[in-house]
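J.: Got a predicted structure plus its sequence, pasted below:
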Amino acid sequence: MNYNSILGQPVLVGSLKRAVKEDMVANGYIFCGPKGSGKKLTAAVFAKALNCRSEEDDKPCGNCTSCRKFDSNNHPNIEIIKPTGASIKIKQIREIVAKVAKRPFESGFKVVILDEAEKMTQDAQDAFLKTLEEPPANTIFILLVQNQYSLLPTVVSRCQTFFMRKITTQQIENYLLEHYKYDKEQISFAAISANGIIGRAIEMLSNKELQESRRLYVSLISKISNNSYTESSAAAGELVDSREAAERLLDFMLSWYRDILISKQDCEKHVFVNSDNADIIMRQGEKLDENKLNRIIDVIKRTISYINHKAPKTV
Ligand SMILES: [Zn+2]
């Protein structure tokens, strides 16, 4: 596990490497991004680099005693706080602050990772803020959040915030092809549906229900293509029971209608994302002209953008 394990986050990784190299490490960091975007992995690699004993700049080295302890999940300098029940409570914050203040520790930095930090209660955030105002020596707090606005502005202002970027479908697909043994179409579907979030793609590959949903999406689009509006709206209603399900369906539809657009091109061999359904795509393409296809694609894109910016988060 090192910085190469973190996909598509060059700005964040560059800043963290620089902080270690130039010995300009902040007391508090916020890594903000959806579930599955690599926040925890990034925090773990940063903690490992901060404690690496190599003389070289390329930390973490993976070979020193500290790195080896990290790799066996056995390093005394790292603490992970998670919600107990629905929240992270003031008691947990007080306990961890007392622990990092007192405990004799190995040289290097103590790193406290607060997972789902937005679940800190108001009291817990107040206590945490006091800690940030007078931080224990050589201690770094990393808050992992899906939404920074759920933290007190005073907490945010005392931390360096980084946003996890969405990575490209191609990057996800390449990673999955390299690391997982599934059919190309299954991998393409997971990559497209993951909406730029690698963890979502990996979860999708191992989730039979989500794989089954791809078959249902094709069936839904066939109903739309046959102008069966009552049937298609009923089927869509059954498939979409959450924001994530709506995003997955829309991402799939976008890839599908783009494939149909490609089918209109005059070339010898069409390269479709959904190549296992090439015959259906070609048939549906016969019923749609390019203007109509571009309008459909535009509506899907605008709906995705609307969901991303307006709809309340359920993840
Ligand atoms: Zn090392």
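T.: Received the coordinates, thanks.

J.: Would you map the helices across this structure?
T.: All helices of the chain, identified by DSSP state H, fall at 10-21, 39-51, 65-71, 90-102, 122-133, 153-157, 169-179, 184-193, 198-206, 208-225, 229-239, 243-263, 278-287, 290-310.

J.: Next one: Q211 from P60, what distance?
T.: In this view, Q211 and P60 are 36 Å apart by CB to CB, to the nearest Å. For the C-beta atoms, the positions are set from N, CA and C on the backbone; glycine is no exception.

J.: Just want to know which of the two has more residues nearby.
T.: P60 (25 against 16; other CB atoms under 10 Å).

J.: I figured that one hits C52, correct?
T.: Yes - if you go by CB atoms under 8 Å, P60 and C52 touch, sitting 4.3 Å apart.

J.: who touches both of the two?
T.: Residues touching both P60 and C52 (CB atoms under 8 Å, 6 or more residues apart in numbering) are C67.

J.: where does the chain dip in pLDDT?
T.: Along the chain, the model assigns pLDDT under 70 to residues 103-106, 310-315.

J.: Now for S263: which residues touch it?
T.: 270, 272, 281-282, 285.

J.: Look up the closest residue to it, ignoring the ones flanking it.
T.: With CB to CB, 6 or more residues apart in numbering as the criterion, S263 has its nearest non-adjacent residue at 4.0 Å, and that residue is G285.

J.: how near is that neighbour to the ion?
T.: According to CB to the ion, to the nearest Å, G285 stands 55 Å off from the ion.

J.: likewise S54?
T.: On the measure of CB to the ion, S54 and the ion end up 5 Å apart.

J.: Next up, the contacts around that residue.
T.: 60-61, 63-64, 67.

J.: Ranking the helices of the chain by mean neighbour count, which comes first?
T.: helix 39-51 (a mean of 24; mean count of other CB atoms under 10 Å).

J.: Export that helix to PDB, keeping only CA atoms.
T.: Taking Å, rounded to 0.1, in the frame of the first residue of the first chain, the C-alpha atoms of helix 39-51 are listed here in PDB:
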ATOM      1  CA  LYS A  39     -10.500   8.600   1.600                       C
ATOM      2  CA  LYS A  40      -9.600   5.900   4.100                       C
ATOM      3  CA  LEU A  41      -6.900   4.500   1.800                       C
ATOM      4  CA  THR A  42      -5.400   7.900   1.300                       C
ATOM      5  CA  ALA A  43      -5.400   8.600   5.000                       C
ATOM      6  CA  ALA A  44      -3.700   5.300   5.700                       C
ATOM      7  CA  VAL A  45      -1.000   5.900   3.100                       C
ATOM      8  CA  PHE A  46      -0.400   9.400   4.400                       C
ATOM      9  CA  ALA A  47      -0.100   8.100   8.000                       C
ATOM     10  CA  LYS A  48       2.400   5.400   6.800                       C
ATOM     11  CA  ALA A  49       4.500   8.100   4.900                       C
ATOM     12  CA  LEU A  50       4.500  10.300   8.000                       C
ATOM     13  CA  ASN A  51       6.000   7.500  10.000                       C
END
